[in-house]
Every structure is written in C-alpha cells, then in structure tokens.
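Undergrad: sharing a model prediction with you, sequence too.
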4 protein chains.
Amino acid sequence: MASSSTLTSKSFLGSSRIDTASLSSDHLRKLSISSVQISFRSRLPKKLQINAAGSTFGNNFRVTTFGESHGGGVGCIIDGCPPRIPLSESDMQFDLDRRRPGQSRITTPRKETDTCKISSGVSEGLTTGTPIHVFVPNTDQRGFDYNEMSVAYRPSHADATYDMKYGVRSVQGGGRSSARETVGRVAAGAVAKKILKLYAGTEVLAYVSQVHKVVLPEGVVDHDSFSLDQIESNIVRCPDPEYAEKMIAAIDAVRVKGDSVGGVVTCIVRNAPRGLGSPVFDKLEAELAKAAMSLPATKGFEFGSGFAGTFLSGSEHNDEFYTNEHGKIRTRTNRSGGIQGGISNGEIINLRIAFKPTSTIGRKQHTVTRDKKETELIARGRHDPCVVPRAVPMVEAMVALVLMDQLMAQYSQSYLFPINSDLQEPLAIPRLEAAKASV
Amino acid sequence: MASSSTLTSKSFLGSSRIDTASLSSDHLRKLSISSVQISFRSRLPKKLQINAAGSTFGNNFRVTTFGESHGGGVGCIIDGCPPRIPLSESDMQFDLDRRRPGQSRITTPRKETDTCKISSGVSEGLTTGTPIHVFVPNTDQRGFDYNEMSVAYRPSHADATYDMKYGVRSVQGGGRSSARETVGRVAAGAVAKKILKLYAGTEVLAYVSQVHKVVLPEGVVDHDSFSLDQIESNIVRCPDPEYAEKMIAAIDAVRVKGDSVGGVVTCIVRNAPRGLGSPVFDKLEAELAKAAMSLPATKGFEFGSGFAGTFLSGSEHNDEFYTNEHGKIRTRTNRSGGIQGGISNGEIINLRIAFKPTSTIGRKQHTVTRDKKETELIARGRHDPCVVPRAVPMVEAMVALVLMDQLMAQYSQSYLFPINSDLQEPLAIPRLEAAKASV
Amino acid sequence: MASSSTLTSKSFLGSSRIDTASLSSDHLRKLSISSVQISFRSRLPKKLQINAAGSTFGNNFRVTTFGESHGGGVGCIIDGCPPRIPLSESDMQFDLDRRRPGQSRITTPRKETDTCKISSGVSEGLTTGTPIHVFVPNTDQRGFDYNEMSVAYRPSHADATYDMKYGVRSVQGGGRSSARETVGRVAAGAVAKKILKLYAGTEVLAYVSQVHKVVLPEGVVDHDSFSLDQIESNIVRCPDPEYAEKMIAAIDAVRVKGDSVGGVVTCIVRNAPRGLGSPVFDKLEAELAKAAMSLPATKGFEFGSGFAGTFLSGSEHNDEFYTNEHGKIRTRTNRSGGIQGGISNGEIINLRIAFKPTSTIGRKQHTVTRDKKETELIARGRHDPCVVPRAVPMVEAMVALVLMDQLMAQYSQSYLFPINSDLQEPLAIPRLEAAKASV
Amino acid sequence: MASSSTLTSKSFLGSSRIDTASLSSDHLRKLSISSVQISFRSRLPKKLQINAAGSTFGNNFRVTTFGESHGGGVGCIIDGCPPRIPLSESDMQFDLDRRRPGQSRITTPRKETDTCKISSGVSEGLTTGTPIHVFVPNTDQRGFDYNEMSVAYRPSHADATYDMKYGVRSVQGGGRSSARETVGRVAAGAVAKKILKLYAGTEVLAYVSQVHKVVLPEGVVDHDSFSLDQIESNIVRCPDPEYAEKMIAAIDAVRVKGDSVGGVVTCIVRNAPRGLGSPVFDKLEAELAKAAMSLPATKGFEFGSGFAGTFLSGSEHNDEFYTNEHGKIRTRTNRSGGIQGGISNGEIINLRIAFKPTSTIGRKQHTVTRDKKETELIARGRHDPCVVPRAVPMVEAMVALVLMDQLMAQYSQSYLFPINSDLQEPLAIPRLEAAKASV
C-alpha cells in the first residue's frame, strides 16, 4: 500500500504515526484521486494549537481543563479546593499512569510519560485554597500533521461537526474532544478522591465489566470488598482474573486486524456521605450522568438496576428499609443504586457506562472531504484497539468530581448549623483517622 | 377495611386515596404494632407545603419550577425567552394534557385538569422577552395527609434521603421529586418546542418503546416519518398499534394486582440545527443525559447505538460520510445518534431513557419508621401502574429545553458574525415559513 | 390644568393616581397634539403583566424575585437556605414595613400593606432546606392604566430602553425595574440578616446620610454603637435627630412643588466574619458594588475611604495593624472599609450608595412618543419625593444577601476541614447564644 | 542603609527591589527587634507560587486569568469567543504595553516586556471559536523573596486577609490580588474591544481625570470627540495637556518622598449598541460596577451624574427625550450615563472609578507579624507612586468585557428572530465596514 495515496486518520485516543513530509492543504485539495494515504513528520505550527469551549466542570470544586494532543501540553486548573490538604504530584501521578497511553500492548503504542507538575495552589506540601494549576507536557511530538484532516472527515470523529459549529479550519478538531484532554480531569479527580477519602473514608472504584462480547456476570465482583489492587492486577482492569483474560483476548483479536471494540466500565462508591444531591434538576444521578457522558466515546449511562430494572415489577424492584445492628437505616437490596429522590442514601452508589468501539481503525472507510468530495481513508499508526481499560481512571475522576462538588454544597447548606442527629449523621465518618494514616 | 392497621403510602406519580380522619404523628409514634393502614381526609396545613432546591435548568433559556402535589399549585418561570414569539396558554395546554393524571385507565385516577395560566411575560399574544410565569392550580385537594410519612419511610421513595439531607421533617418529602413538579417542565418545554419549530423546523418527538417485557423491536417505527398523531393514537403512546395493545395489556395485568411496571421512552429530534453542543464538559449528549436523568424514576440513558453499540466492532459501528443530492454532508448510518464529538451533525438525534416500575404499590412492604422502628406499609389508593405513558411529554420537554438553550448559545457565539457558508449552514432552515403558517 | 391634555406618568416608586376612562393606544397614536394628560380607572388587563429577565442573585444562597407593581403580587424564591432555622412571616414583615409605600408623608401615598406569606420551605416554624416561597399580594389596584406609556417615554425611566431591548410593547416597562420588585429582595434579605445574626452575631445596618444638599457630617453617627432603634426613630431614617429634621424639611420643600430629590444611604456591617470574599473577580467589594448598583435609581457606590480617599497620600491612607488586648489582629484606622484584597478583615464594613432624585415628577417635561413624535408629559398622582428613606431596608437586604452567599462559600471551602487556629478564627462568634436568646 | 533592621514590603503594582541574601522565616520569627529591614536576591522556590480563586468573569464571553508576579508568567483563557475574527498577538500587545511596568518614570521601575503569546484558539490568523490561551512570561525575576511576608503583614495589603481566609501561608498573598494578575484581563479586554469595534463601531476609552488633588474639570475633555491618541500623548494618560502636566508633577512630588497618591479614571463608551443589560439584578450599571470594583485598589464607582447627581432635583436631573434629524430617539442631556432601567439607551456610557493611593510606600509603618507581634516595616524598592496611569487600560478592558458579554446575551435572546424595526435598530451599526477597513 502506497503511503502517499491514502489519507491517514488520527486515532481516537492518541495520534497516528507519521512518516513523511507535509503537504499543503491547497495541494491536497487539488487531488481528485478517491483514495489517498499521507504520512508526515513535520512539526505542527504553534498557531494551529486549539483548545475548545465549555471547559469548566463543577460549582464549588471547579475544574477547567486546557490543552490537547499536539500542543505543548495539557492540564487543568482546580478552583475552590479546600486549603490545608496535603498534596503533591505523586497524589496525581498514580492515576495519570493508569490513564496514559503506551502502558500495555492493548493500549495505543503512543509513548507519553505524562509526568505532571503542580505550579500553583500548593505551598510547602499543603493546598492553599487558591487555584491548583497542573501541567503535563506533551513529549511524543512525533510530528503528526493534520493536513489530511483539512481534506477528509474521519468517520464518527468530531472533524465534521467542528466545521459545522465554528466554520473555521479547526485542523486539530479532535484535539479537545480527544482522550488527551482527560489528563486534566484525571489529575483533578485524583485530588477529589484524596479529599473524599480523608474526609469521609469515601472510595471511588471503577473497573471494566464488559469488552465487546465478553460480559462479566453480575455478582462475580463483590462490590463490598473488591480492591484497587484487584483492578490493577491485570492490564484490562477487570478484578476477576478469568474474565480479564477473556477480555484481553478479545482486544487482541481485533487489534491484529486493525479493528477496534468497545465495552462497559462499572463504577462504585463506598462510604459516600448520605444527603448528597438535590431533589429536582440537580439530582445526584443527573450530575453523574452528565459527568460520565462528557467523557469521549460514551454512548450510555445507567445506575442501580438500570435498563434491566425495566423488566422488573414494582414489588420486585423496591428496596425495603431495615435498621441494622448499629441502629443505622439501610436498604436490604440496592436497586436504587445508592440514590433515592436524587439524594445519596449511604448505600453503595453504582453506575455503568457504555463506551463505543474506537472510531480510528486501520481499515479503509468511505468518507467525504471538507469540500464535499467523496474519498476513502485508512487510518494508520497508533490508536487504542479498545478504550475501556484507560477509561477506568477517567470514570473514577468524573464521579469523584461530582461527589466532591456535592459534598461542599451539602456542607455549606445543611451543615452550616449543628445537625439534627436524630435524622442526620456527620458527613465525616470516623474512618478519617484510618484514611489519614494511609496517606 | 383495616384502616387502622396499615400505613398508607403516597403514590409515585400522584396521591393516594384518602378515606378517614387524620391521626397526629405523636399518636402514631406511640403505636408499636408492626403493620398499620391509615386513611385521611384532613386538609394539609399550609405550613407543610415544601418546595426543594436545585430548581433551575439552563443558561440562556432558563426554567425554574416551583410547587408540588399538595400546595396551591405548581408551575414555572421561563427567563430569557426571545421576545415577539406568538404564545398563549393553548400552546402549553396540549402537552399538559398529555402529562396530566387521570387521562386514561392506565394512569393514576387522581383527577387534575391541569389548566395553565400565563401571568407575565406575554403581552397582546407575544412574548415580551421578560420572564414568563406559568401557574397550574392544584384542584384535587382531596385531603391527603402525610402524617404517615412522619412515621414510615416508603421503600424506594425520597422520604428517607430528605431526612438524611436536611434533618427536618419534610413531610411532603416526595413533593418536589414527585411527578407533579414536572408540570412546570412540560409547560416550559412546550415553549421551547414551539420556538425550535418556528426557528428551524425542529421537531422533538418521544414515544413508549418498552413496557415491562413488551419490547418494541427497532425499525418498527420509522424515525424519518412517524408523527405525533401516531403517538397520540393510543393511551400508552406507542406509535405502533399492535405493540401499543400489548403494552396496555401488560399495564392492565399489574394494575389489577396493585403492582407496577416500568419501561423505556425513546425520543428523537428531526431537523436539529447542526453545530449545537460543545467539545468538552458540555457535550450535547452530556446535557441531554443530565436533562433526562433529572426526571423522576429514571434509571438509564443512552443515545445512538447505546449499550448495544458495545457489541459491535469499530468497522461495524462507524458512520461513513457521503454527500447527498443537495450537496449536503450526511452519514449513511446513524450510530452516532446525531451527535459527534459533543456536537450535533444534522442527523436525527435519538435517545432512550429507562424508567423504573412505580415505587408506590398496593402491596404490603417492610420498612422502618423515622425513629428507626421496623414496620409494614401498604400503599392504597391512586397511583400510576406505569409511568412511561405520562413520561413521554416530560422527556420531550427536557430534550427541547436542552436544544433551545444550546441554540441560543450557538447563535450568540458562532453566528454573531456572518457564517462561513462553505462549512456552515444557516441555523434557521427554510421550513420556518411552513412552521409559521401552521401556528 | 386640563386633565385631558397632558400625559400622566407613573411614579418611580409607586403608581400615579388614575381619574378617567382608558383610551386605546391606537387612538392615542393618532393624536397629534403636543401635550396630553390622560387619567384612567380601568383595570389592567391580565395579559399586560410583565416580569423581566436576570432575576436571580447569589450562588449558594440564591434569590429569584418575581412580579411587579400591577400584577397580582410580588415576592421571591429563596433557594439553598440552610435547614432548621426558626423562621416565620414576622421575621420578614418588619423590613417589609420599612420598605412599604405610604408609611409616612415623605413617601408615596400609594397604600400597600405589603403583608407577606411564606408558602413553602418552612415547616412547623423551621426552614426545611428547600425553596422558601414568599408572596406579597398587591392590594392597591387602583386601576392605573399604562396606555399613556404606549405613547410617551417618561424621561429617565426604562420605557424607551425596554422597547430598544425587546422590541415589544412592554407597557409596564418600569414594572420590573420599579421599586416594587424590591419587595422580594427585602424579604430574602431579612432571612439572610437573621441567619447572619444567629450564626456570627453579624449586624447589617443602613441609614440616610444625605438628602439633597443636607449632608450628615462624618463622625456624627458612631458606627461602633448606633442602633436600629435610632435609625427608626424618625421617618427619614437618619440616626441623628437634628439632621433628620433638616432632611425631612428638604424633602417637604420639593414635595409641595411636585419636584423630587435624591441622596445617599450609608450601610455598615458589624461583626462580619473574617475571610469572606475572594482575591480576583469576586472580591467582596465587587460583589457588594453589583448588589448595590442593581437597586433602582442608584448612581454610585463607594466603600471605606471611597472617592474622598483619592485626596490622601499613601502614608495618610494606609491602615496600620496592631494586636488588641484579646490577641486579635486589628487595624487602627479603617480606610479599607473592612475589606483588604477582596476579603473581609473583621473590621466594620462600610459603604455609601448614591440615589438620584426620583424620575417621576409633577412638572411638565418634554419627551417623545413611541412613534418618535415630540410631546409633553406631566406625571400626576402618587410618587416618592425622595427614595432614600425607603431604600434603607433595600440596601441592608442586598448587603446581607452578599454576605450570606459568601459565608456559605467560605464555609464549604475553607472550613470543610478543621481550621488553622493560629491564623483563622471560627466563623461563628460566641454571640450565637445571645442572638438565639433574642429570637 | 540599615538593610538588616527593617522589613521590606512588596510594592502594590510590582515588586520591591532586592539587595541582599534571604533569611529563613524561622530565623525572622526569632527576632524580637521592633524594626527590621531585609533585602534579598534569592529565587522564589517554585512551590511557593500561588494563584487564587474566583478567577472567571463573564457568562457568554468568559475570561479566566491565571498566574501572579513571581511564577513563570501570567495570562488568561478566553472561552466562548466568536469564531472567524482576525486576531494576533499584536492586537493585544498595544494594551499590554499601556499596562506594563517600567513604561515611564511615574510607574514602577520594575522591567517587564510583557510580550504575549497566543497558544491556542487562533488558527491561520482567525479565531476558531475555541478557548484562546494567552501567556505572558515573567521576565523580571529579580529574586524577590517573600519571606518577610511570612513575618509582617503589610498595611492595607491582602497578606492578613489571605491568612484569615485560607489559614495557610500564602506567602505570595498579594500575588493574585496584585496588578500583575490584570495582564490577563487586559489581553482579553483587547479582544473584546476589537470585536465590539468590528461589530458595532463601539469604542471604549478611559483616561485619568484626577490625580491626588489635581482634578480635571468636567467638560475640558469632549466625550464626543476625544481620541486614543490624545490619551496616549502623555505618560499620565490625561487627554488635556495642561492638566496632564499638573498630574505628572503631583506624582513626581510624592515619588521622590517615597509616598504615593491615588486618583480617578473616567471611562466612556461611544456607539454602544442599544438594549444591552437587563432590568433587575443584572442591570448594565451593576455589571459595570462589579467589573470595575474587581480591579485592585478601587474604592468607588459612579456613572452618569454619580454622587454629584444627588445634589440635583428631579426636574434638574431628568434627561428629556427628543427625536434627532435622523429620526433617532435621543436624550438632550445624559445624566443617565447612557443607561436607563439597567439597559443601554445608545447615548455615551460614562463612568468614574476611584483608586486609592498605592499601599506600598517607602516609609516606616507600624504593623504586626503573623504571630501577632508588633513590628515596623519599610517597603523599599520598586513600586508605582500612582496606579492610575496604568489602570487606564485595565478599566477599558473590564468595561469591554462586560459589553461583549451583554452583546452576546442580547443577540441570542432579542435578536434570534428578526427585530421589530419600529422600536429596535440592528445591533451592528454600518460602521462595521470602516472598522473592518482599519483592521
């Protein structure tokens, strides 16, 4: 296959490999051939770096992300973080490493160390209450050139919709909606996870529960007891070793064919404080749904009994209450997924998020150019055959950001004055000590 | 009737029937019996009327709802509506009638006419650009008393979480998270739908695609052509008569047993302007997910290929582009659900929302009282055996509110200056004339 | 003066007296006479009631106002109020009475009792944490008709700018920007004041410090000790009896001539918690400036040394720190007005707000009609000869709303974890007990 | 020079000159001497760089600033900018040069070139609609060390309030509330000014109208015709040469004594589109007041007749309407300052902002240390003897940001559908062509 005769497409969660010199987009526009493949090693001109709008999440604990795959770097600003929290780069680096490309054979081979740097908001190891600026330089600047994107719209990518929205050549169109933008989310989420753990012993854990047709049956993973170590014990991030192996095999099967697959990430929250969320538009499940569905490649969200719950009758579905041995009101079942009437009830919050198969594939696809001519396109180079293993820390981050934001909202409203201990319990559970010890 | 031996529970989407005199909660607290049923006809004291927080949705086109089942009424304030739009109560009444209780045997028998009144923001038949205040009085004040809620937490309702959050007796706990709150959403959504139609010929249509185990197969309803009339041709709001009959039978089956079922509402948007949404946190699908999941009783959200898409490979899933006979860029398939990279691409937007079976059922359930004693509870009286037929206009409303808000955002940013007609098209499609004619 | 030959104008802080039958605006438009006066007693058609946009203030403690002079009533929704605060209508009525028209000879003679009603958010005398809905019916529906406003723009009113903005007949143009809209602010402010007092012993007190050319010299009122009783000891709300008399005389002087005057309201905050505000765009003084300047008729805002401070040198202006006998860091002078770097420092916050002379005057003025014809206009009937006595509770309300919002922000961020008692002090000062005792 | 016996203070609008070696704060704490002066040349440790919260301004046209004096640099992110606007660094550099330190003898001698770099959001010379990231490196890292701030609170600075708020050593306390933070505002304001000019021929012009006791009389500068060139014709930025000279002399007088002075900046807007702003909380004057009062060192804000207007009667103060020769409704006077009822009326918007004398002065002041011990402090080195000449572009920037944000709001609401040309006029005035020509 001639590398000069087929357009190269950027991968979903990384960047394509680049081989040859760049062509001007004017030149490319004149080509009338129906199938071109082009490779480059030129450096992206600085002026072509593009961020994108709608970049802030949260009200009290606010995160703004910036940057994309092919600028100098990516990162975030965390505004509103409580002061006096012990924090350093190492608190973020663990999750960034779980997110980074090149971590295993089933992720994109793009090499990024994703080493983060906190440049403000932390002084002498403690947060100062002022914005925390986190920066992760892009190191794998292998000279990808997006000129081909000036020409052909990659199927199921954002190239076309960017043009439709903004009316300008956003040649890095995918830049902001690419997975590289999530570096900032993961860094901020790590801070939120740390504070939630310190404050209330809250744990946010996600894992892969489906890859293509390999579906982990419910109950195999015990939500009360499974651990981060189990998640991290294999490259696909499924806590069950047997199913992990099947999932890896499923990814390998498409990887060698240049194809891709999707899957499902399950996330649970243990020890979530009761009372988070609110009754109408800002229900906790609504906030979680928005958070999850703002991740790239998501197609669906469900919590508690989810879509399957629609097959039950009310008498089968309702969660009966009881009082446990510590005098605490609990539910015997948890089809509510830890949330009732938009508000957390102290049971385990659980949710599932569907991710589509990676759009970038190493197979010929029909498409059109920016000037509406039909063409063919083959993406070559580096892309994730399946995004879900790397999506695990992204999901944890978004869930933690929602909880942290709601915790602060709840604290400022319902805990400003002494609580009614007949009905409420302290937001901070005694696990604080244990959590602190483990820092 | 053993009205003194079982606690009566409020229905999910309405109120229970009330038969006898009220008991003080103090009195009830002293009861040690494990199963009580109580009925009332006393009038709710005014001071017990409760609204709830997080009551505003949208940025440019902003809706704030107020009121609940048992106050003087419910409604909304629409802030930021464009001026000079022809508008009257009749524009809202149609959807309010689709939402109201008592409309058929498969909805709660609670009787509400739900007659709306616009009291500001419209002058001489035109919107003025200032807040539109819509009020719907509650007429079915049959004297339901919530004293029993002071005593027992209804399973899978918001009673317990309200106490956990606020630490006060919100005896109408369910009030704000009940379906009656959605009156304001439906009224506001009707305005949004009207403007979207006027502006761009955009149509938002929802229908029931599943009731319990009756699943409408994909493709039976043609998304390009089915009409509102078909949706409204039967009481369950499924455009296919054959499946509608099966769904109604499924609801009847549980209704007579005092049980309940859930289901799925599908919603599509035709002629959505291209370019709505944004690339990062405020992706169009994320906004839609939040909007949908803020409706009561929702358990899941998916768009495009959804959870089923996870079973496809990338080469099967991607939507190839082509240029149609009008020189317009289209996709051959629509697994993207009309949204790519967070931005609408002009194809039909489609989404599916799971609703759980109604929590209020006429069967004995175990639960606990506010002071943590175990008890039993039987909900008697009026409730919806299945919420999905009435959820149809609610879903349309929330989707329309998102689109209207995003339309205004897009207009103020990307259309402030003349567009780039090589890449963009006018937000307002020529259908405007036709739409206007039909007003 | 012939009552049929001059247009009647609505007063700034009330409504004009109405004498005769209404005329259609079409009819009026045909009049070519250059000076007309019209009076009415017809009832305002319901469809002409208009609210206006931008109706929400605050982030954590959020107030939305609704209604205007000539609808059924006015009021507000308070969203995000902490639960379990003792609250009843009487907590608001005191300030509403200070604001209401007809309270003395120097205010508009329009008669409104302004009796408020809480219809949600309070249960058994305690706030529930859910929205507090406050409604004040309009009782003085003396049949003012705004048809003349269809014809002539009142000088220095909002009639013309409403047309320019919205392009529709907002015949009650002044409705939302009139002082009647402030009923909702004053009611909400009373709640904020109560909570601030309960929480931290914080007091917000405003008074009239200038009327026309009568200027109360600085230092006459002792900001450390003057009381609400002193403010309320006279109808102009100046704590110094001698200057109060002069101010009343100044108002009487213009009142009898059908003219009007303006003045200045000074507001101070005692026992404001330290640490409220933030360093950049949301400085405490910036929030206070917006709050104050959103009141009708305001022309200027200053705090601390204000405009006069520009005449000092730095060495004269700086506030030196010292440690007082309780080991508390204080400043010897307070040219900073209790705010440094955007953040409260615990000293008395002080600010001054300029109010222009009432626009509605009983004198002939030149103006133009909506169709751009020149005409003359005489406002007859009821208006305030000077707005500042009634502005006093409005100013207190807006200042209290800012502080309450910032208190909740500060609590959720900087007080989520235990404070650093070397540098910080508890937000809640021991005065809580005393304040509670006085409830 | 007794450099070891007096604490050195940071200047208000820059940094102090540093002469000697650093001392540890521990060491300093042990000193019991009542007056120390210290000078440094050590480099600020990276971990001490601190940003601060509340860093975003605007809703549609949103600016987030970051950085402070002593980190790697400062800048901003502009989110929501319309696409396809010609933009380059040179559009910002002009205003940055007007703001930068060291531009003349009457500003701080700190040397910064303040060369800006756009790193995203602009492609091939056009805005892309995605966030514009602007960065200005700090070049004058002359090794200022803030250890003395660990010890002594500088009078009328933010050191003490930062400690009170956050409870941590924000050793660069003044960092975010210092004038260096305004670099980002000025850069963003330059973009807003450019778009306003392109769109509607709108001009935002500020100038110095008072320095200490030198007050430019009203009317000396003709607001209809004075030009940017006149403002820039002298170093104090007063368009009248005679008064400029007096002002410069006034600054020189205090400069040589190590003292400082304040003053007033006047800002006008010509060709502001009519209809910007809204009637209640978000009045245009309220937004402008917040914008202005969020600048460092501000003490007061007034518009139109301002505080002086309180000395007029209503009949003297009202602005009568007339129709001009082009059939346009105008006011004969402009005591309304171009805004009526919270909405722009097309007349010149004018406002005045009071700035206090610079807090940093080269004179001995009494203060306390962080551990509450009394001490003395002498600020040495570089500071602005008067901030107002450099405040001129800051004021223009904040005013332009408000107008741009309101323009987009007005466009999306009131101009979404065709306007009512009887009452409204196009937002874009024909000057667009001329403005474009000058680009």
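TA: Perfect, thanks for sending it.
Undergrad: and A:Met92, how far from C:Glu287?
TA: The gap separating A:Met92 from C:Glu287 is 32 Å, by Cβ to Cβ, to the nearest Å. The C-beta positions use only the backbone N, C-alpha and C, and glycine is treated the same way.
Undergrad: wait, what's in contact with the residue of chain A found nearest chain C?
TA: Distance from chain C to each residue of chain A (Cβ to the nearest Cβ) is smallest for A:Ser412, at 3.5 Å. Listed by Cβ atoms under 8 Å, 6 or more residues apart in numbering or on different chains, the contact set of A:Ser412 reads A:60, C:60, C:408-409, C:411-412.
Undergrad: can you tell me the SS state at it?
TA: Here A:Ser412 is helix, with the state taken from DSSP: H, G, I helix; E, B strand; the rest coil.
Undergrad: excluding chain neighbours, give the residue nearest to the residue of the stretch 251-400 of chain A found nearest chain B in space.
TA: Closest to chain B within the stretch 251-400 of chain A is A:Gly341: 2.3 Å, counting by Cβ to the nearest Cβ. Nearest residue to A:Gly341, sequence neighbours excluded (Cβ to Cβ, 6 or more residues apart in numbering or on different chains): B:Ala158, at 2.3 Å.
Undergrad: burial count for the one you found?
TA: Per other Cβ atoms under 10 Å in any protein chain shown, the neighbour tally for B:Ala158 reads 28.
Undergrad: who's in contact with the closest residue to A:Thr331 other than its chain neighbours?
TA: Nearest non-adjacent residue to A:Thr331, counting by Cβ to Cβ, 6+ apart: A:Asp319, 3.9 Å away. For A:Asp319, the residues meeting the contact criterion (Cβ under 8 Å, 6+ apart) are A:331-336, A:340, B:155-156.
Undergrad: part of a strand, is A:Leu205?
TA: Yes: assessed with three-state DSSP, A:Leu205 lies in a strand.
Undergrad: what's the closest non-adjacent residue to it?
TA: That would be A:Ile268: by Cβ to Cβ, 6+ apart, it lies 5.6 Å from A:Leu205.
Undergrad: can you show me the helices along chain A?
TA: Along chain A, counting by DSSP state H, helices occupy A:25-30, A:89-99, A:147-151, A:159-166, A:174-177, A:182-200, A:228-231, A:241-255, A:284-293, A:314-317, A:388-414, A:432-437.
Undergrad: mean pLDDT lowest for which of those helices?
TA: Among these, helix A:25-30 has the lowest mean pLDDT, at a mean of 32.
Undergrad: hmm, back to that, for the residue nearest to A:Gly341, report the pLDDT, please.
TA: On pLDDT, B:Ala158 comes in at 87.
Undergrad: same deal with A:Gly54?
TA: We have a pLDDT of 77 for A:Gly54.
Undergrad: contact partners for it?
TA: B:278-283, B:342, D:79.
Undergrad: do A:Ala206 as well
TA: Counting by Cβ under 8 Å, 6+ apart, A:Ala206 touches A:231, A:237, A:265-268, A:392-393, A:395-396, A:399.
Undergrad: go on, A:Glu396?
TA: A:95, A:189, A:193, A:204-206, A:267.
Undergrad: please repeat the previous calculation with a cut-off of 6 Å.
TA: With Cβ atoms under 6 Å, 6 or more residues apart in numbering or on different chains as the criterion, the residues that contact A:Glu396 are A:204, A:206.
Undergrad: so how far is A:Val134 from the residue in the stretch 251-400 of chain A positioned nearest to chain D?
TA: Here the residue of the stretch 251-400 of chain A nearest chain D is A:Arg370; by Cβ to the nearest Cβ that distance is 13.9 Å. As for A:Arg370, its distance to A:Val134 is 35 Å (criterion: Cβ to Cβ).
Undergrad: ok, A:Thr127 next?
TA: 12 Å.
Undergrad: of those two, which one has the most company?
TA: Using other Cβ under 10 Å, the more surrounded residue of A:Thr127 and A:Val134 is A:Val134, with 28 against 22.
Undergrad: what count of nearby residues applies to A:Pro418?
TA: 9.
Undergrad: what's the span of stretch A:317-335, first residue to last?
TA: 7 Å (Cα to Cα, to the nearest Å).
Undergrad: same question for stretch A:341-351.
TA: End residues of stretch A:341-351 are separated by 16 Å (Cα to Cα).
Undergrad: which residues does that stretch contact?
TA: Under Cβ under 6 Å, 6+ apart, the answer for stretch A:341-351 is A:223, A:267-270, A:272, A:274, A:276-279, A:283-284, A:303, A:331, A:334, A:337-338, B:158, B:161, B:165, B:177.
Undergrad: and for stretch A:288-301?
TA: With contact meaning Cβ under 6 Å, 6+ apart, stretch A:288-301 is reached by A:177, A:179, A:353-356, A:387, A:394, A:398, A:402, B:281, B:283, B:285-286, B:289-290, B:293, B:301-302, B:304-307, B:309.
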